[in-house]
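1. output the structure for:
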Amino acid sequence: MRESSGRTRRAVLAGAGAAVTASLAGCSGLPFDDDDEATITGQRLSEVLEEAPPSIPDRIPIGIEASYLDEIANELESALASVPTPFDAAQIPNGAIRAQLNRQSETAREALAGTGEEPTPWERAGSLRRARRETGFVIGGWTAIDDGRTIPDVREDGEAVRGELDSLRRRWTYLGADAIEAVVVNAAIAGLVRACIGDLNHVLSVRERDSTTALDVAEVDERLSSARGELQDAAHLLDRLRERDGVRDRRDALAAAADALVDSVDEGRAATGLDEGVFTAEADREATPAERTLRDLRDDVRRGDIAETRDAGAFPQAIVGAHNALATIGAVETLRARIDAGDAIDPASVEDVDTIRTRAREAVVAVHADGEHPRLDRLQTHRLAAVLGYVDEQLAHVDADDEIALARLNWELRDYVRIEAVARSVGDASAAVARTLERE
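-> Predicted structure coming up:
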């Protein structure tokens, strides 16, 4: 059975990045409590959430052609139009398979219809990749039924995509009109290539079984469609980079910057005492949200290994990882100082919840509005805003007339504290990375 396409706490954790959301590891449920504790009603929570999170769309500093995205949308629309949905019993006698393919067909059409609503070309490209994935499932399943498509057929197509991927990797160099552009855009390309490799590995490892059904073929075709979309977008970004005025190969500069930033992160870890000690085994139930966040941040700083990424020659990814690490180290220092000064809030009232959430929102707004290096800042601010919106959604699920203990908000309040601490450190992290890139 396919996993739900809805957003889960773990999905947001993965999508938002380790530097922002490692604290989103607990249960998102908000159970009711009759204990004699400070409480908050759903109505009061809605007032706390009244000021919406900032809208910070994801974008990259080169243009993606509208005609390129329109062509993809048209191809997907034509592909879905070629499938005779909704399927009936004459077309697909198996009721379970028929129901699944009909559901997925509807999901694919909805996904495609929503792609035009995205605020930036980069986000539209991401939505089109998701629509392509859903469409691949439907087309693959129906072709298996109608034309006898098999797992070996999908693998054969996967081999062709692997050949195209190899061709892309041979011509890919770390281009950019300037070093920051080279970092941000090539890191985006690298993310697409990494995702493509993961999908292709899955496609090429699947084997036909006696029990293979059309849905099995559909699932593998879904992953193949994802790989194609990721590869196509990576190639488009690389082509757009090549067309830029003043573009040149920045590999040597990025390599030197990655070396310097690995050292800077190591020095930051040592200076803040984060390069030794045991990992946190379990959060103390009596700890405040700030204390829990501090433990999470310390663990995150110690867990990362950007030197390994640098040693593999993945210099843009290493620099992005260093940016994440420096922001996290800064957040540790900021939060530690607040706790030592007694400035960290131990929520005991509705007003405390409001203050914690407001501080998180204002910190994200400030760095987004006033940051001196917006191309680097956005590596974090887009994700911070997304996590803030997700946590708000969880709290908004409490019915207006219901009442819950403040202690039941520990996970959500910790998320807010983390968002604020990281946001307040993003500007310094971006400045450090920018200085290093300018020197090289």
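2. show me what contacts Asp337?
-> Wrong residue type there; residue 337 is Ala, not Asp. In this structure, Ala337 makes contact with Asp343, judged by CB atoms under 8 Å, 6 or more residues apart in numbering. C-beta coordinates here come from the backbone N, C-alpha and C atoms, glycine included.
3. now it: which helix or strand?
-> In this assignment (DSSP states H and E), Ala337 forms part of helix 315-340.
4. now that helix: mean pLDDT?
-> In this model, helix 315-340 carries a mean pLDDT of 95.
5. list the buried ones in it?
-> Taking 16 or more other CB atoms under 10 Å as the neighbour-count basis, helix 315-340 is seen to contain the buried residues 315-336, 338.
6. likewise stretch 54-67?
-> Under the neighbour-count criterion of 16+ other CB under 10 Å, stretch 54-67 has Pro54, Ile56, Asp58, Arg59, Ile60, Pro61, Ile62, Ile64 buried.
7. export those as CSV, with columns for pLDDT, secondary structure and distance to Glu291.
-> Listed next are the buried residues of stretch 54-67 as CSV, based on pLDDT from 0 to 100; DSSP: H, G, I helix; E, B strand; the rest coil; distance: CB to CB, whole Å:
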residue, pLDDT, secondary structure, distance to Glu291
Pro54, 94, coil, 27
Ile56, 94, coil, 28
Asp58, 92, coil, 32
Arg59, 91, coil, 36
Ile60, 93, coil, 37
Pro61, 92, coil, 38
Ile62, 92, coil, 42
Ile64, 94, coil, 43
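8. could these be laid out in TSV, adding distance to Arg302?
-> Written out in TSV, the entries for these read as follows (distance: CB to CB, whole Å):
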residue	distance to Arg302
Pro54	30
Ile56	28
Asp58	28
Arg59	32
Ile60	30
Pro61	32
Ile62	35
Ile64	37
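9. quick one: which of those residues is nearest Gly229?
-> Within the set of these, Ile64 lies nearest Gly229; the separation is 13.2 Å, counting by CB to CB.
10. gap between that closest one and Ala235?
-> Relative to Ala235, Ile64 is positioned 12 Å away (CB to CB, to the nearest Å).
11. so after the helix holding Ala337, what's the next helix or strand?
-> Later in the chain than helix 315-340, the nearest helix or strand by DSSP H and E is helix 350-370.
12. now do that next one: distance to the chain's middle.
-> 22 Å (CA atoms, centre = their mean, to the nearest Å).
13. repeat for stretch 245-261
-> Relative to its chain's centre, stretch 245-261 lies at 25 Å (CA atoms, centre = their mean).
14. residues in contact with it: which ones?
-> If you take CB under 8 Å, 6+ apart as the criterion, stretch 245-261 is touched by 173-179, 182-183, 186, 241, 306, 310, 313, 315-316, 318-319, 322, 326, 432-433, 436-437, 439-440.
15. how about the helices in the stretch 151-300 of the chain?
-> Per DSSP state H, counting those that start in this stretch, the stretch 151-300 of the chain carries helices over the ranges 151-171, 179-205, 214-242, 251-271, 289-303.
16. and the shortest one, what does it pack against?
-> If you count contacts as 3 or more CB pairs under 8 Å, 6 or more residues apart in numbering; DSSP states H and E, helix 289-303 packs onto helix 18-21, helix 315-340, helix 410-439.
17. send the alpha carbons of that helix over as CSV?
-> The C-alpha trace of helix 289-303 is given here as CSV (Å, rounded to 0.1, in the frame of the first residue of the first chain):
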residue,chain,number,x,y,z
PRO,A,289,11.3,24.2,26.1
ALA,A,290,14.5,26.3,25.9
GLU,A,291,16.6,23.6,27.7
ARG,A,292,15.2,20.9,25.5
THR,A,293,16.0,22.9,22.4
LEU,A,294,19.5,23.5,23.6
ARG,A,295,20.1,19.8,23.9
ASP,A,296,18.7,19.2,20.5
LEU,A,297,20.9,21.9,18.9
ARG,A,298,24.0,20.6,20.7
ASP,A,299,23.4,17.1,19.4
ASP,A,300,22.8,18.4,15.8
VAL,A,301,26.1,20.3,15.8
ARG,A,302,28.0,17.3,16.9
ARG,A,303,26.2,14.9,14.5
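18. pLDDT on the helix or strand following that helix, on average?
-> Beyond helix 289-303 in the direction of the C-terminus, DSSP H and E gives the next helix or strand as helix 306-311. Averaging the model's pLDDT scores along helix 306-311 yields 96.
19. which residues touch helix 306-311?
-> Taking CB under 8 Å, 6+ apart as the criterion, the residues outside helix 306-311 that touch it are Ala258, Asp259, Leu261, Val262, Val265, Gln317, Ala318, Gly321, Ala322, Ala325.
20. residue ranges with poor pLDDT in the stretch 251-400 of the chain?
-> Counting by pLDDT under 70, the stretch 251-400 of the chain shows low-confidence ranges at 275-285.
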